[in-house]
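Undergrad: need coordinates for the following:
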Amino acid sequence: MEVKTYGHQLNIFSRTTRVVQIFLLVLGFLRQLAAQRIDSTMSSESKQKELAQWSKQQLIRMGPTFIKLGQIISTRADLVPKIWVEEFSSLQDEVAPFSFEKAKEVIENELGKPIEELFFTIEIEPLKAASLGQIHLVTRLINDRAVTEVIKVQRPGVEELVRQDLSVLRSVVQHLVFFPRFTKEADLYGFLNELEKTFADELNYEVEAANTEEFRLLFADQSREILIPSVDFERSARRVLTLEYLPGTKISQFTGSSEEIQEAARILISAFLKQFVLYGVFHADPHPGNIAVRKDADGTIKIILYDFGMVGRLPDSMRDSILRIAANAFKGDAQGLIAECVNAGILTGRALNDPDVLAVFEKFISKLEKVSAETIGVLQQELFKASESGGVAFPRELTLVGRSLLSLEGDLKAFQKICPELKLSTVILTEATPLAAKLSDEPIDPIERSKHDVEKLRRTVFAALRKGRTFFEQIEKGNLQIPVTDVATAQAVRRLRFGAKGISAAILFGCFFVPALAEIERHPVLGLALLAVSVVFLERWYMAEQRLDS
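TA: Numbers count the residues shown, from 1 in each chain. Predicted coordinates for the structure are as follows:
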């Protein structure tokens, strides 16, 4: 078996050496920044781009921990400029592979057998190399039939290096006592906690194997649209993961027809809405390298999801909160939106009476038609600024939701560049409406919500009328033990009864007349029908008033 060496290995340094490397990285960044300040020939945007490119290369040089840190930064549009987000988003792919000899050693140590006994063939050159591991194409024989799989192998020494880097970074953050506002506002401790949790899951391939199988079962009924590789558990361990080979075109490189692109966008949006709303478990790292599009021979479009090392989980209470938050946002109810954010643990109770927080939400609602994952990040930052005493603490689950949304937004924007007629808001609304209906009795679509509100008001009014009618009849008949023998008293009761009938008829007239005016231009038939019903109640109102006057 021919072996090809790539010569890119991890170096484990002493803690002191690593601290010095981080110090030199920061010093180099400040030097680059100072040089740009002196240079007056470059535009501000060019300076930002050059500095972002330099920083990206330094993160790659520093290794997996800093690459993953850059990936997290690329999802925080609320904290860093857009140029940095775009530049750091490419960190997912630009990583050199390690030698096949090291990969072979890891496979054999983890699985306890020579590689020749495990697989019929194995490709020397990896299909893909990432910050924590790389993937090789393999085949094995099943009943004399060659079955193709892929094996994911963890980088040697990466666990020790990550553990050391996280320890050093936490020490650095703890010593930033002279910048408490920066430490708190940038949420550096939150960054480190997220990094630690992320690495704990991603460095244990047994967790990823369980996650992958869970998602495959969740989407089993949608196998014609969503494909997820099955796990070869016999050839998987903590640092090795063997999966079914499902080739496809990377989503950022898919160039089908307009209809095919719109279908791929629909499937992808539907899949993630189901994860967020129905399943309560979602892929938390859907960058372009983890999503592919496949077009079958019959023209069917399918979406393939890879790499379930980073998974978010939403408890039922959190999913309910997300639905209620969305419902209040679509209704334009800023106070209701704040109240739901308090219930979800995003805001503290102080926000309920904070005019600055109210102003932030009203501004957000006014721009709801152009909402994006990026604007949600900006909302988070503005909320923090509006609440001087803090009071803003996004749960980790929602932070992961935001990260997934930002990655998805980038994927779908790539579709829009080659298919301008793709209307993402329309697709999202179309796919979200039936899902929301399963969990909530309040529609998301504005027209459907208006009809829902009218029907709800109609039922409420009729229920009140039935109770009122029974009440007055009981009074008149004396069933409530109120004897009505005096002529003046009887007249008063009858006036009260006809007055209530007049008020009820007036209310019902308004309930049908106002929607009639709203619908008559868009839906003439419905508008005229509502108008006709309103005239009936107008007549009853007039007759009640006549009886009252007599």
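Undergrad: ok, which stretches of the stretch 101-250 of the chain are helices?
TA: Using DSSP state H, counting those that start in this stretch, the helices found in the stretch 101-250 of the chain span residues 115-118, 158-174, 180-185, 188-202, 205-218.
Undergrad: most tightly packed of the ones you listed?
TA: helix 205-218 (a mean of 18; mean count of other Cβ atoms under 10 Å). C-beta coordinates here come from the backbone N, C-alpha and C atoms, glycine included.
Undergrad: going by mean pLDDT, which of the helices of the stretch 101-250 of the chain comes out lowest?
TA: Note on the helices of the stretch 101-250 of the chain: helix 180-185 shows the lowest mean pLDDT, a mean of 53.
Undergrad: residues in a beta bridge with His283, which ones?
TA: Val311 (DSSP bridges).
Undergrad: just list the residues touching it, thanks.
TA: By Cβ atoms under 8 Å, 6 or more residues apart in numbering, the contact set of His283 is 215, 272, 275, 290, 305, 308, 310-311, 404.
Undergrad: poorly predicted segments of the stretch 301-450 of the chain, please.
TA: 367-378, 380-381, 384-394, 396, 425, 433, 435-450 (pLDDT under 70).
Undergrad: tell me where it has strands.
TA: Using DSSP state E, counting those that start in this stretch, the strands found in the stretch 301-450 of the chain span residues 301-305, 311-313.
Undergrad: who does the last one touch, helix- and strand-wise?
TA: Under the contact definition 3 or more Cβ pairs under 8 Å, 6 or more residues apart in numbering; DSSP states H and E, strand 311-313 sits against strand 281-283, helix 396-418.
Undergrad: mind putting the ones you listed into TSV with distance to Lys104?
TA: As requested, the helices and strands packed on strand 311-313 are arranged in TSV below (distance: least, Cβ to Cβ, whole Å):
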stretch	distance to Lys104
strand 281-283	30
helix 396-418	33
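Undergrad: and of these, who's closest to Glu260?
TA: Nearest to Glu260 among those is helix 396-418; the distance by Cβ to Cβ comes to 10.1 Å.
Undergrad: what angle sits between that closest one and helix 188-202?
TA: Relative orientation of helix 396-418 versus helix 188-202 (axes from the mean of the first three to the mean of the last three Cα atoms, to 10 degrees): 80 degrees.
Undergrad: mind listing what's buried along helix 396-418?
TA: 397-412, 414-415 (16 or more other Cβ atoms under 10 Å).
Undergrad: where does the stretch 1-150 of the chain have low pLDDT?
TA: For the stretch 1-150 of the chain, the ranges with pLDDT under 70 are 1-13, 75-80, 90, 92-95.
Undergrad: can you give me the strands for it?
TA: 121-122, 128-129, 133-142, 145-154.
Undergrad: quick one: closest of these to Glu110.
TA: strand 145-154 (8.6 Å).
Undergrad: ok, the closest one: who's next to it in the sheet?
TA: Under the rule (DSSP bridges), strand 145-154 has strand 133-142 (antiparallel), strand 240-244 (antiparallel) as partners.
Undergrad: contacts for it, please.
TA: 103, 106-107, 119-120, 122, 127, 132-141, 203, 205, 229, 232, 235, 239-245.
Undergrad: repeat for stretch 209-227
TA: 228-231, 233, 236, 241, 243, 246, 248, 267, 270-271, 279, 281, 283, 294, 300-305, 308-309, 311.
Undergrad: just the buried ones out of the residues you listed, please.
TA: 228-229, 231, 236, 241, 243, 246, 248, 267, 270-271, 279, 281, 283, 294, 301-305, 308-309, 311.
Undergrad: before we move on, the earlier item: and the strands paired with strand 145-154, which is most packed in?
TA: strand 240-244 (a mean of 23).
Undergrad: please name the nearest non-neighbouring residue to Pro114.
TA: Glu108 (6.2 Å; Cβ to Cβ, 6 or more residues apart in numbering).
Undergrad: hmm, Phe119 and the one you found touching each other?
TA: No: using Cβ atoms under 8 Å, Glu108 is not in contact with Phe119; the gap is 11.2 Å.
Undergrad: looking at the two, which is more packed in?
TA: Between Glu108 and Phe119, counting by other Cβ atoms under 10 Å, Phe119 is the more crowded of the two (19 against 16).
Undergrad: residues in contact with the more buried one?
TA: 138-140, 151, 235.
Undergrad: same thing with Pro420?
TA: Contacts of Pro420 by Cβ under 8 Å, 6+ apart: none found.
Undergrad: need the phi and psi values for it.
TA: phi -60, psi -30 (degrees, to the nearest 10).
Undergrad: gap between it and Val168?
TA: 47 Å (Cβ to Cβ, to the nearest Å).
Undergrad: now Pro97
TA: 26 Å.
Undergrad: what do you get for Ser46?
TA: Distance from Ser46 to Val168, by Cβ to Cβ: 33 Å.
Undergrad: next one: Thr300
TA: With Cβ to Cβ as the criterion, Thr300 and Val168 are 50 Å apart.
Undergrad: repeat for Met42
TA: Met42 is 33 Å from Val168, by Cβ to Cβ.
Undergrad: then His283?
TA: Applying Cβ to Cβ to His283 and Val168 gives a distance of 30 Å.
Undergrad: now do the same contact list for the closest residue to Leu141 other than its chain neighbours.
TA: Closest residue in space to Leu141, ignoring its immediate chain neighbours: Phe120 at 5.1 Å, by Cβ to Cβ, 6+ apart. Neighbouring residues of Phe120 by Cβ under 8 Å, 6+ apart: 138-141, 146.
Undergrad: same thing but 7 Å
TA: 139-141, 146 (Cβ atoms under 7 Å, 6 or more residues apart in numbering).
Undergrad: with distance to Gln57 added, can I get those in a markdown table?
TA: As requested, the contacts of Phe120 are exported to a markdown table (distance: Cβ to Cβ, whole Å):
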| residue | distance to Gln57 |
| --- | --- |
| Thr139 | 37 |
| Arg140 | 39 |
| Leu141 | 44 |
| Ala146 | 41 |
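Undergrad: between these, which sits nearest Val427?
TA: Distances from Val427 to the contacts of Phe120, taken by Cβ to Cβ, are shortest for Thr139, at 38.9 Å.
Undergrad: how about the closest one, what does it touch?
TA: 119-121, 146-148.
Undergrad: who does it bridge with?
TA: Here Thr139, judged by DSSP bridges, has bridge partners Thr121, Thr148.
Undergrad: how close does it get to Asn109?
TA: With Cβ to Cβ as the criterion, Thr139 and Asn109 are 22 Å apart.
Undergrad: ditto for Phe272
TA: Distance from Phe272 to Asn109, by Cβ to Cβ: 37 Å.
Undergrad: okay, the two: which has more neighbours?
TA: Phe272 (20 against 12).
Undergrad: distance check, the more buried one against Gly332.
TA: Counting by Cβ to Cβ, the gap from Phe272 to Gly332 is 25 Å.
Undergrad: show the pLDDT at Val454.
TA: Reported pLDDT for Val454: 58.
Undergrad: next: the one 4 residues further on.
TA: At Arg458 the predicted local confidence, pLDDT, stands at 56.
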